[in-house]
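>>> Build me a model:
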Amino acid sequence: MKVKRYIVDQLPEAVQQIRAELGSDAVILNTKEIRVGGFLGMFRKKKVEVLAAVDESAKKPAPRKPAFTLSPALKKEVAVSQESQPDLEPAASPMLPPSAIRDRYVKAPFSDSGRSANPLPAAPVAERAREESPASRAESIANVIAQAIATKEREPELEVAKASTDSTPHHSAESDSLLLELRSMKEMMAKLTKQQTFRTMPASVMKWSRRLAEQGVEPSLVEQFAEETNAKLSETGEAGNAAAYEAARQVLISWVGGIKGGGIDEQTRVVHFVGPTGVGKTTTIAKLAAEQAFVRRRNVGFITADTYRIAAVDQLRTYADILNLPLEVVFSPGELARAYSKLADRDLLFMDTAGRNYRNELFVSEVNSLLSPADQTETVLVLSMTHKYSDMKLVASQFIKYGVKQLLLTKFDETDSYGAIVNLAMEFDLTISYYTCGQAVPDDIRSFEPEAIVNRLLGEPGDD
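Have a look, this model is predicted:
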């Protein structure tokens with residue numbers, strides 16, 4: 001078996017190369033869309049990776065089966081004729097090639113007996129197809145591909161045809177590979193049509209699409225954004241940069257507007273904060289505690305289970321002393337009942353957990369054992385905007401399995417890329433109530449406003 005990999009712009013190019021290098025018996029094993037080139041992971045070109053294989057042992061011509069078989073009555077006549085004419089050659093062996101069998105049929109005794117030989121049956125359809133010239137065969141394949149692409153209803157017919165072909169004794173692997181190529185061609189043509197549509201977008205739409213790509217929005221979402229923005233422009237019939245900017249804002253607001261949370265509910269008794277190391281959980285807790293204590297006039301208390309990091313308890317204790325709020329330290333889930341009992345007079349408790357490598361599910365389940373499930377509890381996942389989206393996505397997927405639905409984003413002041421917000425909004429069913437933009441307590445915390453985030457993503461209408 002010889003396997004070769006091709007990287008081309010379009011699948012038809014690969015088909016031509018495969019036929020030229022591996023022959024007509026080659027089979028396409030897999031097709032996959034990949035991205036190559038680009039700069040810093042952006043503006044990469046789409047290519048098609050095709051794996052093809054050919055069985056070199058199958059190239060040796062196999063002995064062809066006889067095109068017909070003798071009926072019992074005809075075999076009896078042949079035997080009688082041979083007995084009456086012993087000087088004739090013996091009857092053809094079943095192992096003789098079809099040409100020898102045909103020669104045997106036209107010789108005596110049939111030509112001398114007055115009887116006419118039975119007409120040879122027509123060769124099977126599959127064998128006749130093998131004897132066609134390469135040009136006619138290529139033309140027939142092209143016609144079939146064109147028909148399959150032109151109408152989607154042809155696919156059920158192809159399935160029926162394939163099933164009926166499988167039931168015949170002359171079915172070959174070449175028919176399977178042809179059907180596989182047809183399906184691959186249909187899928188590739190649909191993708192190419194979508195790409196061509198994306199390439200013909202107005203320049204104003206492409207400008208804001210590039211802006212989102214630079215902000216770190218996933219390529220598939222950038223394409224979706226361009227299509228929806230162009231559709232809105234078509235509905236309004238307007239053109240120009242200003243109209244495209246407004247259409248882009250509407251699309252992004254529709255994407256991120258639904259993830260706005262309502263903050264900490266008045267009925268909530270305990271709020272757990274979880275997240276990886278270095279995202280600013282402890283400082284964020286102090287900011288929210290100050291806002292709840294001084295603005296909303298609620299009796300707030302602190303619980304910390306962050307006993308892994310050096311001086312983590314001292315940091316939260318310093319904030320508790322400044323805000324004049326009580327603090328309890330727990331080292332295991334068994335000590336939570338004691339902490340809750342000591343802080344029973346408090347309206348709202350903020351619980352800090354240890355920052356760990358939460359890409360490891362073992363650490364996620366460990367911190368989950370500290371979270372008491374109840375109707376009056378909330379769990380907030382804290383992520384930093386300075387982290388890569390791939391890491392944020394993996395951590396979020398780990399906690400979502402345990403029912404975490406709220407997200408808080410930190411360090412907005414340390415980055416100029418906000419595309420991760422769009423990616424998280426479109427990927428997960430999360431809500432965002434707050435984000436932080438500095439280390440000052442309690443000032444540097446804001447309520448999540450979709451319009452403000454969209455302005456950060458797109459910039460001003462005149463920005464390049």
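>>> so where do the strands sit in the stretch 251-400 of the chain?
For the stretch 251-400 of the chain, applying DSSP state E, counting those that start in this stretch gives strands covering 270-274, 300-304, 327-329, 348-352, 377-384.
>>> mind checking which of the ones you listed is nearest Leu424?
strand 377-384 (8.2 Å; CB to CB). For every residue, glycine as well, the C-beta is placed using N, CA and C.
>>> For the closest one, buried residues please.
Glu378, Thr379, Val380, Leu381, Val382, Leu383, Ser384 (16 or more other CB atoms under 10 Å).
>>> Redo these as TSV? Include pLDDT and distance to Ala293.
Formatted as TSV, the buried residues of strand 377-384 follow (pLDDT from 0 to 100; distance: CB to CB, whole Å):
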residue	pLDDT	distance to Ala293
Glu378	90	17
Thr379	90	21
Val380	91	18
Leu381	92	23
Val382	93	20
Leu383	93	25
Ser384	93	25
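>>> quick one, what contacts the nearest residue to Leu11 once chain neighbours are set aside?
Spatial nearest neighbour of Leu11, excluding adjacent residues (CB to CB, 6 or more residues apart in numbering): Met188 at 4.1 Å. Met188 sits next to Gln10, Leu11, Thr31, Val48 when contact means CB atoms under 8 Å, 6 or more residues apart in numbering.
>>> Out of these, name the ones that lie in helices.
Leu11 (DSSP state H).
>>> Neighbour count, pLDDT and distance to Ala226 added to the contacts of Met188, as a markdown table?
A markdown table is the format used below for these (neighbours: other CB atoms under 10 Å; pLDDT from 0 to 100; distance: CB to CB, whole Å):
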| residue | neighbour count | pLDDT | distance to Ala226 |
| --- | --- | --- | --- |
| Gln10 | 14 | 82 | 21 |
| Leu11 | 22 | 81 | 24 |
| Thr31 | 20 | 84 | 25 |
| Val48 | 21 | 85 | 21 |
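>>> ok, which pair from the contacts of Met188 is furthest apart?
Spatially, the most separated pair among these is Gln10 and Thr31, at 10.9 Å (CB to CB).
>>> Which residues are in contact with each of those two?
The contact sets of Gln10 and Thr31 overlap at Val48, Met188 (CB under 8 Å, 6+ apart).
>>> can you list the domains in this structure?
Residue ranges for the domains of the chain, per automatic domain parsing: 2-60+126-196, 201-258, 261-448.
>>> Throw those domains into CSV and include distance to Leu457, thanks.
Listed next are the domains of the chain as CSV, based on distance: least, CB to CB, whole Å:
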stretch, distance to Leu457
domain 2-60+126-196, 15
domain 201-258, 6
domain 261-448, 5
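>>> quick one: secondary structure of Glu460?
Under DSSP: H, G, I helix; E, B strand; the rest coil, Glu460 falls in the coil class.
>>> and it, what is it in contact with?
With CB under 8 Å, 6+ apart, Glu460 has no contacts at all.
>>> Relative to Ile453, how far out is it?
Distance, Glu460 to Ile453, using CB to CB, to the nearest Å: 15 Å.
>>> Tyr245 too?
16 Å.
>>> try Ala26
From Ala26 to Ile453 the distance is 51 Å (CB to CB).
>>> likewise Lys46?
Distance, Lys46 to Ile453, using CB to CB: 29 Å.
>>> which of the two has more neighbours?
Ile453 (24 against 15; other CB atoms under 10 Å).
>>> where are the low-confidence patches of this protein?
By pLDDT under 70, the weakly predicted segments of the chain are 38-42, 57-174, 189-200, 360, 372-375, 462-464.
>>> Test my guess that Ala52 contacts Ala14.
Yes - using CB atoms under 8 Å, Ala52 is in contact with Ala14, at 7.5 Å.
>>> got any residues that touch both of these two?
Tyr6, Ile28.
>>> Report the contact partners of the closest residue to Ala26 other than its chain neighbours.
With CB to CB, 6+ apart as the criterion, Ala26 has its nearest non-adjacent residue at 4.3 Å, and that residue is Val54. By CB under 8 Å, 6+ apart, the contact set of Val54 is Met1, Lys2, Leu22, Gly23, Asp25, Ala26, Val27.
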